[in-house]
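1. what follows is a predicted protein model with its sequence.
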Amino acid sequence: MEKTGLDPSDPVGVSFWIISAAMLAATYFFFVERDRAVGKWKTSLTVAAMVTGIAALHYFYMRGVWVETGESPTVFRYVDWLLTVPLQIVEFYLILTAIAVVGASLFWRLLIASVVMLLAGFVGETNIANGGLLWGGFIVGTAAWVYIIYEIFAGEASKINASQGTQASKSAFNALRWIVTVGWAIYPLGYILGYAGMLEGDGTLNLIYNLADFVNKIAFGVVIWAAATSDESRA
Ligand SMILES: *C/C=C(C)/C=C/C=C(C)/C=C/C1=C(C)CCCC1(C)C
């Protein structure tokens, strides 16, 4: 049968559709709520809206690829991540610069680590047939992610937060670092399950990545929104 539109018995296609709508709604929400935030927190909400807005666009296209071809929209997915993950790194930096004078080198270290993580994953996922690249990419990507975790829990970023943070910035920073540790862990777990042959077909891997994006983009924005509109942010 020729495929037309969305098949209700295709949970992966339906998840692409639902997340497109959620990303769009979140974008509108963060953008409108920007009015309630003060000072530098306004910029944080703008960036949160950019993240979900860019994702919404990619989810429209990813749904199309999946529904029309039944294949993983790997290139769209990584283009989306390459745009949105660095923006989330910018969020960390904005939270820190709202409270302290922060050297630019910290920003560049986090940014480069996030790009290395994604490029390594992309090389791995687009060369599945080459086991060396598939797992080499995974190892390099995981090392870069672990470095980011180190930086926000024990490195310079964490020290600035601990010594100079306000209540609002500290609670936002703390929640964001758990998202980066626990929420982001869904991606490498999906990668392992997907490519070690534990899942059938590409569908489940896409479901896992979709769920992870939903949590890590929308919940991430909500954490920033909560801090930006809290009374402490006015202090
Ligand atoms: C909005 C999109 C987000 C927050 C994407 C995050 C993606 C990751 C944390 C990906 C991590 C990976 C590794 C840690 C190992 C290599 C494979 C990746 C790229 C899936």
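-> Thanks, I have the structure now. Numbers count the residues shown, from 1 in each chain.
2. interface residues of the protein facing the ligand?
-> 81, 84-85, 117-118, 120-121, 138, 141-142, 145, 184, 187-188, 191, 213, 216-217 (C-beta under 6 Å from any ligand atom). The way it works is simple: take the backbone N, C-alpha and C, and place the C-beta from them, glycine included.
3. nearest residue to residue 78 in space, please, no chain neighbours.
-> Nearest residue to residue 78, sequence neighbours excluded (C-beta to C-beta, 6 or more residues apart in numbering): residue 122, at 4.5 Å.
4. residues in contact with that neighbour?
-> Contacts here follow C-beta atoms under 8 Å, 6 or more residues apart in numbering; on that basis residue 122 touches 74, 78, 137.
5. still on that earlier bit, which among the residues of the chain next to the ligand end up buried?
-> Neighbour-count burial (16 or more other C-beta atoms under 10 Å) applied to these gives 81, 84-85, 117-118, 120-121, 138, 141-142, 145, 184, 187-188, 191, 213, 216-217.
6. in helices only, show me these.
-> Residues from those lying in helices, with DSSP state H as the criterion: 81, 84-85, 117-118, 120-121, 138, 141-142, 145, 184, 187-188, 191, 213.
7. biggest separation within the residues you listed, which pair?
-> Pairwise distances across these (C-beta to C-beta) peak at 20.6 Å, for the pair 84 and 138.
8. any regions of the protein where pLDDT drops low?
-> The chain contains residues with pLDDT under 70 at 1-4, 235.
9. packing partners of the longest helix along it?
-> If you go by DSSP H, the chain has its longest helix at helix 41-69. Packing partners of helix 41-69 (3 or more C-beta pairs under 8 Å, 6 or more residues apart in numbering; DSSP states H and E): helix 11-33, helix 74-97, helix 203-213, helix 220-228.
10. can you redo the ones you listed as CSV with distance to residue 58?
-> Below are the helices and strands packed on helix 41-69 laid out as CSV (distance: least, C-beta to C-beta, whole Å):
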stretch, distance to residue 58
helix 11-33, 9
helix 74-97, 4
helix 203-213, 9
helix 220-228, 16
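11. residue 169: which of these is closest?
-> Nearest of the helices and strands packed on helix 41-69 to residue 169, taken as C-beta to C-beta: helix 74-97 at 5.4 Å.
12. output the closest one as PDB, restricted to C-alpha atoms.
-> This file holds the C-alpha atoms of helix 74-97, laid out as PDB (Å, rounded to 0.1, in the frame of the first residue of the first chain):
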ATOM      1  CA  THR A  74      19.900  11.000  11.100                       C
ATOM      2  CA  VAL A  75      21.200  14.000   9.200                       C
ATOM      3  CA  PHE A  76      18.300  16.300  10.200                       C
ATOM      4  CA  ARG A  77      18.700  15.000  13.800                       C
ATOM      5  CA  TYR A  78      22.400  15.800  14.000                       C
ATOM      6  CA  VAL A  79      21.900  19.200  12.300                       C
ATOM      7  CA  ASP A  80      19.300  20.000  15.000                       C
ATOM      8  CA  TRP A  81      21.600  18.800  17.800                       C
ATOM      9  CA  LEU A  82      24.500  20.800  16.400                       C
ATOM     10  CA  LEU A  83      22.400  24.000  16.600                       C
ATOM     11  CA  THR A  84      20.600  23.400  19.800                       C
ATOM     12  CA  VAL A  85      23.200  21.800  22.100                       C
ATOM     13  CA  PRO A  86      25.600  24.700  21.700                       C
ATOM     14  CA  LEU A  87      22.700  27.000  22.500                       C
ATOM     15  CA  GLN A  88      22.100  25.100  25.700                       C
ATOM     16  CA  ILE A  89      25.800  25.600  26.500                       C
ATOM     17  CA  VAL A  90      25.200  29.300  26.000                       C
ATOM     18  CA  GLU A  91      22.400  29.000  28.600                       C
ATOM     19  CA  PHE A  92      24.900  27.700  31.200                       C
ATOM     20  CA  TYR A  93      27.200  30.500  30.400                       C
ATOM     21  CA  LEU A  94      24.400  33.100  30.500                       C
ATOM     22  CA  ILE A  95      23.400  31.900  34.000                       C
ATOM     23  CA  LEU A  96      26.900  32.300  35.200                       C
ATOM     24  CA  THR A  97      27.500  35.700  33.600                       C
END
